[in-house]
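> coords below, sequence missing:
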Ligand SMILES: NC(=O)c1ccc[n+]([C@@H]2O[C@H](COP(=O)([O-])OP(=O)(O)OC[C@H]3O[C@@H](n4cnc5c(N)ncnc54)[C@H](OP(=O)(O)O)[C@@H]3O)[C@@H](O)[C@H]2O)c1
């Protein structure tokens, strides 16, 4: 937390072709850990003294831009700040009649899209198959499991508290889940809850959970390498079991996946996700920290499992 500093400054005035946004919610996300390293391959680094990168949903309060009027709700990468001036690049309008605007950062935003494209395009589940998602009670994982359930799959997961396990099984319709923080043997627990093996593994965490799951892949299984949060704070890659013999033996596939590569297709997925939310088939939960000064703790809390569902910071 001491590495972050809250700075007061005057609110900028929007010029011609720009608008001013009052942020309502800020998203904190695991990928931000990678921005705080000197060099990252697919994301730009945030240097000491920079405004921290992040997506915000808020309301346009003054506009000199032909495409936006005061009262429009928008989401964009405005950074960790309460007000932002934008020229509209990379900004999308948010329809507040679909769902609360906070969902534009969660189930109807980047995490929901990650679940949708990662599962459908890389995991390609078929009805009756067995799907396992690690980090099952997070923003991405909770949507993955429900989409797999909607596709007619059997869905199992790992998560880090009994409260999370109960939410997945009792409210979201997961078939089973285990608490990896109290487990004595990951492999035995995954085997117990996936008696027919695993056809699709949606990996949000990596590490020892993944080592255990990879031993239980079925023939022609697909692994979606979506996140590796267990490794984000490591300075050196940890030595670990090598998964390739399992892929070889089961003629299985593992594929890295980045949601941003599907950005041209977001408009195809968002109405589908919104429809499932409206019909109550896709449920979501948010953990909301109050005020921008809580943003660093909320962000660090992601690595301690303090969030259920999507972690947000309320700005207004
Ligand atoms: N590829 C892409 O395009 C893309 C896009 C978005 C997100 N992601 C990745 O997807 C994953 C989930 O993101 P999210 O936004 O939905 O975050 P999230 O799951 O809502 O929050 C992170 C969760 O990870 C779990 N966790 C933290 N440290 C862990 C560890 N050492 N081992 C196992 N679990 C740990 C915690 O839950 P527990 O209580 O269960 O430990 C925590 O709640 C992240 O790895 C993220 O980087 C990838």
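Cool, got the structure. From a predicted model like this one, the values you see are computed outputs, not experimental measurements.
> residues in contact with the residue in the stretch 201-316 of the chain that the ligand sits nearest to?
Residue of the stretch 201-316 of the chain nearest the ligand, by C-beta to the nearest ligand atom: residue 227 (1.9 Å). Glycine gets a C-beta too; all of them are placed from N, C-alpha and C. Residue 227 makes contacts with 30, 135, 140, 203, 204, 205, 206, as judged by C-beta atoms under 8 Å, 6 or more residues apart in numbering.
> The first one sits in which helix or strand?
What that stands for is residue 30. Using DSSP states H and E, residue 30 maps to neither a helix nor a strand.
> List the contacts of it.
227, 229, 232, 302, 303.
> Quick one, which of the residues you listed are buried?
227, 229, 232, 302 (16 or more other C-beta atoms under 10 Å).
> I'd like these laid out as TSV, including secondary structure, distance to residue 272 and pLDDT.
Below are the buried ones among the contacts of residue 30 laid out as TSV (DSSP: H, G, I helix; E, B strand; the rest coil; distance: C-beta to C-beta, whole Å; pLDDT from 0 to 100):
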residue	secondary structure	distance to residue 272	pLDDT
227	coil	22	98
229	helix	27	97
232	coil	30	94
302	helix	27	98
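> can you pull up the bridge partners for the closest residue to residue 189 other than its chain neighbours?
In space, and not counting its chain neighbours, residue 189 is closest to residue 178: 4.3 Å by C-beta to C-beta, 6 or more residues apart in numbering. Beta bridges link residue 178 to residue 158 when assigned by DSSP bridges.
> got a pLDDT number for residue 178?
Here the pLDDT value assigned to residue 178 is 98.
> Tally up the residues packed near it, please.
As a burial measure, residue 178 scores 21 neighbours (other C-beta atoms under 10 Å).
> Could I get the contacting residues of it?
So residue 178 contacts 157, 158, 165, 189, 190, 192, 193 (C-beta under 8 Å, 6+ apart).
> now with 6 Å?
158, 189, 193 (C-beta atoms under 6 Å, 6 or more residues apart in numbering).
> for the second one, helix, strand, or coil?
I take that to be residue 189. Following DSSP: H, G, I helix; E, B strand; the rest coil, residue 189 is assigned to helix.
> Tell me, what's the model's pLDDT at it?
98.
> and residue 196, how many residues sit next to it?
11.
> returning to that earlier point: ok, so of the contacts of residue 178, who is nearest the ligand?
Using C-beta to the nearest ligand atom, residue 158 is the member of the contacts of residue 178 that sits closest to the ligand, with 6.8 Å.
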